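A.B. asks: Requesting a structural model of the entry that follows:
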Amino acid sequence: MKNNKKQIIIMSIIAITFLTLFVVWGLNARNYRFNLSLRIPKVLGILIAGGTISVASLLFQTITNNRIITPSIIGLDALYNLVQTVVIFVFGSTSVFMVNKTVNFLASGTLMVILAMILFKVVLKSGRNNIFFLLLVGTVVGTLFRSLSSFMQVLIDPNEFDALQTKLFASFSLVNTKIIFISVVILVIMAITLYKDFNKLDVMSLGREQAINLGIDYDKFSKKILVFVAILVSLSTALVGPITFLGIIVVNLTYEITKTYKHSVLLIVGTLISIIALVGGQFFVERVFNFNTTISIIINFIGGIYFINLLLRESKL
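C.D. replies: I've put the predicted structure just below:
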């Protein structure tokens with residue numbers, strides 16, 4: 001436990017250092033007001049996105065008892081892409097659903113949560129392999145959503161398609177700062193609710209049979225956590241766009257660093273690692289590489305390599 005506290009302190013210092021560098025770098029008496037007005041909301045958006053991605057991935061891997069998958073496997077990010085494509089295909093890029101970022105967020109987030117709840121209600125029934133059946137159904141549904149999105153993207157006007165691209169790819173330079181307040185309120189409510197379930201999550205990580213033997217209502221609790229995951233994914237996707245591999249990197253690094261099963265530690269360390277990766281990465285993209293690359297490309301590249309490495313390690317066990 002002492003080692004975990006030490007790790008949290010070290011991670012916090014690193015995160016604060018990157019946050020400070022990101023906010024104050026290049027400020028002077030003439031430009032500090034303008035730059036701070038841009039950087040502080042962007043940092044808040046990145047912090048929320050990083051925290052939601054790490055927590056969602058950790059919760060999802062806990063209930064599935066698998067460390068090489070992310071919530072995107074059940075098609076939530078594909079649904080987000082489909083919603084954005086349908087909006088432009090039907091209403092155009094100048095509609096209120098695209099121009100008003102709050103309306104876009106509420107519509108996208110609501111549809112993602114509704115789909116997740118329908119999937120959970122239909123698929124998750126009493127039985128041994130329901131979680132894995134859910135993953136299979138989610139994979140098929142996600143493929144369907146991607147196919148529909150691709151079909152409509154071919155048909156829309158090139159100018160409309162150009163506007164759509166800004167929604168379909170993760171961007172930490174264009175954080176949707178309009179929904180930060182709504183996101184904070186939702187996250188506070190979820191954090192208070194989830195705090196009471198830390199011990200249940202620790203037991204859930206042992207597996208279905210062990211959790212049931214220790215008194216956990218596995219099916220009911222799994223549905224509750226999956227709804228939380230859907231909300232968190234919708235928040236992060238609406239803020240910065242879909243990111244496939246960040247959750248895999250963050251959660252597996254968290255397990256390797258902490259060497260513990262306690263979610264009270266894992267959630268904190270995972271969030272700090274995510275903040276360090278995103279804020280630090282965005283700092284280097286903007287100040288060192290002068291926007292010649294994007295952090296999402298770096299994350300997907302490193303995440304893809306790390307994912308292949310995880311698969312190879314799992315196959316050897």
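A.B. asks: residue contacts, the closest residue to T70 other than its chain neighbours?
C.D. replies: Spatial nearest neighbour of T70, excluding adjacent residues (C-beta to C-beta, 6 or more residues apart in numbering): G247 at 4.3 Å. Backbone N, C-alpha and C define where each C-beta goes, glycine included. By C-beta atoms under 8 Å, 6 or more residues apart in numbering, the contact set of G247 is 53-54, 56-58, 60, 70-72.
A.B. asks: Closest to Y218 out of the residues you listed?
C.D. replies: Taking C-beta to C-beta as the measure, Y218 lies nearest F60 of those, at 15.3 Å.
A.B. asks: Surely the closest one touches T70?
C.D. replies: Yes - using C-beta atoms under 8 Å, F60 is in contact with T70, at 6.7 Å.
A.B. asks: now the stretch 151-300 of the chain, which segments are flagged as low pLDDT?
C.D. replies: Judged by pLDDT under 70, the stretch 151-300 of the chain has its weakly predicted residues at 166-167, 169-178, 244, 291, 293.
A.B. asks: Which helix or strand contains S296?
C.D. replies: Element membership of S296, judged by DSSP states H and E, is helix 295-316.
A.B. asks: Packing partners of that helix?
C.D. replies: On a contact count with 3 or more C-beta pairs under 8 Å, 6 or more residues apart in numbering; DSSP states H and E, helix 295-316 meets helix 246-258, helix 263-287.
A.B. asks: Can you point out the buried residues in the shortest one?
C.D. replies: Right, the one you point to is helix 246-258. 246-255, 257-258 (16 or more other C-beta atoms under 10 Å).
A.B. asks: what does stretch 8-26 give?
C.D. replies: 11, 14-15, 18-19, 22-23.
A.B. asks: Can you give the contact residues for it?
C.D. replies: 35-36, 39-40, 43, 265, 268-269, 272-273, 275-276, 279-280, 282-283, 287.
A.B. asks: what are the ranges of the helices in the chain?
C.D. replies: 2-24, 32-64, 76-91, 96-99, 101-123, 130-155, 158-168, 180-195, 198-204, 208-213, 218-240, 246-258, 263-287, 295-316 (DSSP state H).
A.B. asks: any idea how far the shortest one is from the chain center?
C.D. replies: Distance, stretch centre to chain centre, for helix 96-99: 23 Å (C-alpha atoms, centre = their mean, to the nearest Å).
A.B. asks: then it to CSV, C-alphas only?
C.D. replies: Output of helix 96-99 as CSV, limited to C-alpha atoms (Å, rounded to 0.1, in the frame of the first residue of the first chain):
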residue,chain,number,x,y,z
VAL,A,96,-28.5,22.7,-35.5
PHE,A,97,-27.3,19.2,-34.7
MET,A,98,-23.8,20.0,-36.2
VAL,A,99,-23.6,23.8,-35.5
